[in-house]
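Chemist: Okay, here's the prediction I keep looking at, along with the sequence it came from:
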Amino acid sequence: MSVADENHCGHAETTSAYALQALSADEAAAAQAHIAGCADCRRELAALRGLTDRLVAWPTDVLRPPASLQQRLAQRLAEETGEAPAAPPPRRWSEPDWEDVAPGIKCKLLANDREARRVSMLVRLAPGASYPPHTHAGVEELHLLDGELWIDERKLFPGDYNYGPPGASDERVWSETGCTCVLITSIDDTLR
C-alpha cells in the first residue's frame, strides 16, 4: 500500500504535484496551506521528498524536443484552438558544470545516490588521457557517447556499452582520440 492510498483527505494528487513543483504560484500557496493543516498530506509529502530529492540532480531536458519543434507544435496547437501560441516553459534545471578531476579527465555529476553509494556522471577524456587502474566496488556501467575508449584490450566505439561486475579490475582505461561517456558506478571503487 502506498502513502497515496493511505491519504484519505482527497488531496493526494495536489500534494504530489506540489512535491514536484508542478503547480502555479497560487496553486502552490493553496497546497502549502492545506498540507500544513493535514497530517495525511504531510506524511505523503515527507515520503515523496526522498524521491524528489533524487530527481533534482537529473537533467529534465534530456528528452526535451528542440526549440524549433516546440515552436512548430505551439503554432499548430494555436491554429487548431484559435488561441495565441504558448511560449515554451522556462528551464527549471540548471546544468552542472564540468569539473577537472585528473589531468585530461573532466566529469559532470548527474546523480548521486548516497544510500546505494552510486553516482551517475558524464566523463570526458582528452585525447591521450588515461584513468588509473581500479577495482569495482559495485557494478560499473559505461555507455560511450562519442570518440573511442580502450578498457584493457577492448576498444569501444560510440554507442557501445560496457558492464564491469563488482570485484573486477580495469588495468588500463584510456582514449587515443578523446571521448565522452555516461558512467554509473560505485563511489567506493578503489584506485591502485
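Modeler: Structure received. Worth saying up front: this structure is predicted, and the values here are computed from it rather than measured. Numbers count the residues shown, from 1 in each chain.

Chemist: For Q75, which non-adjacent residue is spatially closest?
Modeler: Distances taken as CB to CB, 6 or more residues apart in numbering place P85 nearest to Q75, at 5.3 Å, with adjacent residues excluded. Where you see a C-beta, it was placed from the backbone N, CA and C, and this is true even at glycine.

Chemist: what's the answer for E140, then?
Modeler: Nearest to E140 is G164, by CB to CB, 6+ apart, at 3.6 Å.

Chemist: swap in R42?
Modeler: I35 (5.8 Å).

Chemist: Name the SS class of the one you found, please.
Modeler: At I35 the chain is in helix, as set by DSSP: H, G, I helix; E, B strand; the rest coil.

Chemist: Number of residues surrounding it?
Modeler: Residues lying near I35 (other CB atoms under 10 Å) number 21.

Chemist: ditto for C181
Modeler: 23.

Chemist: got a list of what it touches?
Modeler: 122-123, 142-145, 149 (CB atoms under 8 Å, 6 or more residues apart in numbering).

Chemist: Any quick PyMOL command for the buried ones out of those residues?
Modeler: To isolate the buried subset of the contacts of C181 in PyMOL, counting by 16 or more other CB atoms under 10 Å, use the following:
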select buried, resi 122+123+142+144+149
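
Chemist: tally of neighbours for K106?
Modeler: 18.
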